[in-house]
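[1] What follows is a predicted protein model with its sequence.
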Amino acid sequence: MIHDLLISAYRLKRGCDLRLRSISISALTIVLTASALTPSVRADSGEPSPGTKPGTQVEKEPFGYLTPETKQRMAAQEPLIKAADRIMDAVRSDKKDRGFAGLKLDDGFVQVWWKGEPPAPVREALAGANAFSPVRVSPAKHSLAELQAAAAPLRKKLSKNPGGPIHALGIQPDGSGLYALTDSGESKASLASSYPELDAQVPTVVKQAPRGELTSRAEDTPPWWGGAKIVSDDTGAGCTAGWPVHSTSDPNHHYILTAGHCGRPYENWRNGNRSRSIGRVVGENMGHDLLLIDAPDHVGYEIYDGGVPNGTNTTPEFSKRIVGYGHVYYGQWLCQSGAVSGAVCNYQVATNGQESYCGYDAFGAYECYNDLFVAIQYNGLPGSIKGDSGGPVFTPSGNTVIANGVISGRRGTDGLIFQDVVTAFQDFSVTIHTG
């Protein structure tokens, strides 16, 4: 009965309290697929962090499951990321729309699209970024701010039309316009009668693409690590612990960051075999598909790395120390460590963090998630597997990792949908827990 009252209270809350939800909701209809409670590995023994835990091994070579080509590709992007950070710091410091349209980590250089003339601080940053990597600036037809405003009416319509033929909406990174995704086979001309918002303000490209799906390492004990399987006391569904974080105002107050569609406020979460309680949900931003779980028994400085039995990666299981976090850029190469898939790399970011999608969650509520990135796995491996939701998206750095994102879902067979950690930090006033 208490459970039913909590659910009823939550449904009432959804109708009247939208304070944590993003206003700019939109578009990709999905099927929520948090995994059922099944045996998994990712064991956590409770040994003091840092260090290994039972079930993890010590690698002879860091990220030994990666090919030399993959390691070289990810190492080659490091100077490009430094250049992009330099540029974007200048862009973010100016709250006005000065014409920024997009940025991409390209093959050996950083590509920037800008409408008009960049202001002096940005020109200085562009010049300084050349110390790390060549930078090319190309003209854009529209700024990012203009395209966000143009997308708002269509996103609003999509959020009210779950079964509609258009299931996703995004912004072209080069500032040329919008893109809408459909799996109906209909042409843009035939869709125009139902969606007059197409091309109403800016050009919109219609593409055929499959709808997205929301997508353990069990027996984890404190200090809690990212990449472990976590299970809801309410539903029995399993997701993946994302990143260990702490409050920006109190470093001793610890939390686990995971996917918003995995749970609900006040819901209690346990480790993969349900032998230990982690804590209750104390924060959510459903618009960004993010959830914050209180962890009074503290979190560690690591995530699980390596494989899991029957996963995409079946190598032995390892751990990696977290040394920081980074922004995500179009064109960047990343890895993920879901509790069901294991650690998988060779994902290249294919969007600019402006994509949205919608679907029904485990409670039957229609939710929309926005400001997301999509990355493509280039070895033909699955983008993610049911139960990976909430898991870490990261960049390898020596024998450590840099936090980049939290898994939301998948598109088709090789698409990974995720939220960036910087958005989570801003939503919850937390930061990554590093050693």
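    Received, thanks.
[2] So in the protein, where's the weakest helix or strand by average pLDDT?
    strand 29-31 (a mean of 31; mean pLDDT, DSSP states H and E).
[3] Quick check: buried residues in the following helix or strand past that strand?
    Of the helices and strands lying after strand 29-31 in sequence (DSSP states H and E), the nearest is helix 68-76. Judged by neighbour count (16 or more other Cβ atoms under 10 Å), helix 68-76 contains these buried residues: 70, 71, 73, 74. C-beta here means a position set from N, CA and C on the backbone, and glycine is covered the same way.
[4] Can you tell me which helices and strands helix 68-76 packs against?
    strand 342-349, strand 392-397 (3 or more Cβ pairs under 8 Å, 6 or more residues apart in numbering; DSSP states H and E).
[5] just the angle between the longest one and strand 392-397, please?
    Okay, so that is strand 342-349. 80 degrees (axes from the mean of the first three to the mean of the last three Cα atoms, to 10 degrees).
[6] and the angle for strand 342-349 with helix 68-76?
    Using the same axes, to 10 degrees: strand 342-349 against helix 68-76 is 60 degrees.
[7] Mind giving me the packing neighbours of strand 342-349?
    Counting by 3+ Cβ pairs under 8 Å, 6+ apart, strand 342-349 packs on helix 68-76, strand 299-306, strand 333-338, strand 366-377.
[8] now that strand: how far from the chain's centre is it?
    12 Å (Cα atoms, centre = their mean, to the nearest Å).
[9] got the CA positions of stretch 407-423 in CSV?
    C-alpha atoms of stretch 407-423 as CSV (Å, rounded to 0.1, in the frame of the first residue of the first chain):
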residue,chain,number,x,y,z
ILE,A,407,24.1,5.9,-21.1
SER,A,408,20.4,6.7,-22.0
GLY,A,409,19.6,4.2,-24.7
ARG,A,410,20.4,2.9,-28.2
ARG,A,411,19.2,3.6,-31.8
GLY,A,412,19.2,0.7,-34.2
THR,A,413,22.0,-1.9,-33.8
ASP,A,414,25.0,0.4,-33.4
GLY,A,415,23.8,3.7,-32.0
LEU,A,416,24.5,4.8,-28.4
ILE,A,417,22.4,7.6,-26.9
PHE,A,418,23.8,9.3,-23.9
GLN,A,419,23.7,12.5,-21.7
ASP,A,420,27.0,14.4,-21.0
VAL,A,421,28.2,14.6,-17.4
VAL,A,422,28.5,18.4,-17.4
THR,A,423,24.8,18.7,-17.8
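[10] I'd like the average pLDDT over that stretch.
    The pLDDT scores in stretch 407-423 average 94.
[11] buried set for that stretch?
    Those buried within stretch 407-423 under the rule 16+ other Cβ under 10 Å are 407-411, 414-423.
[12] from the residues you listed, which is closest to residue 352?
    residue 420 (11.0 Å; Cβ to Cβ).
[13] related to what we said a few turns ago, quick one: which of the helices and strands packed on strand 342-349 is nearest residue 212?
    So among the helices and strands packed on strand 342-349, strand 366-377 is nearest, using Cβ to Cβ, at 8.5 Å.
[14] That closest one pairs with which strands, and in what direction?
    strand 342-349 (antiparallel), strand 355-360 (antiparallel), strand 415-420 (antiparallel) (DSSP bridges).
[15] Contacts for the last one, please.
    Going back to what we said before, that points to strand 415-420. The contact list for strand 415-420, computed with Cβ atoms under 8 Å, 6 or more residues apart in numbering, reads 212, 259, 288-290, 327-328, 336, 347, 350, 353, 355, 357, 369, 371-377, 383-384, 393, 404-411.
[16] Now with 6 Å, please.
    Residues outside strand 415-420 that contact it (Cβ atoms under 6 Å, 6 or more residues apart in numbering): 212, 288-290, 328, 347, 372-376, 383-384, 393, 405-409.
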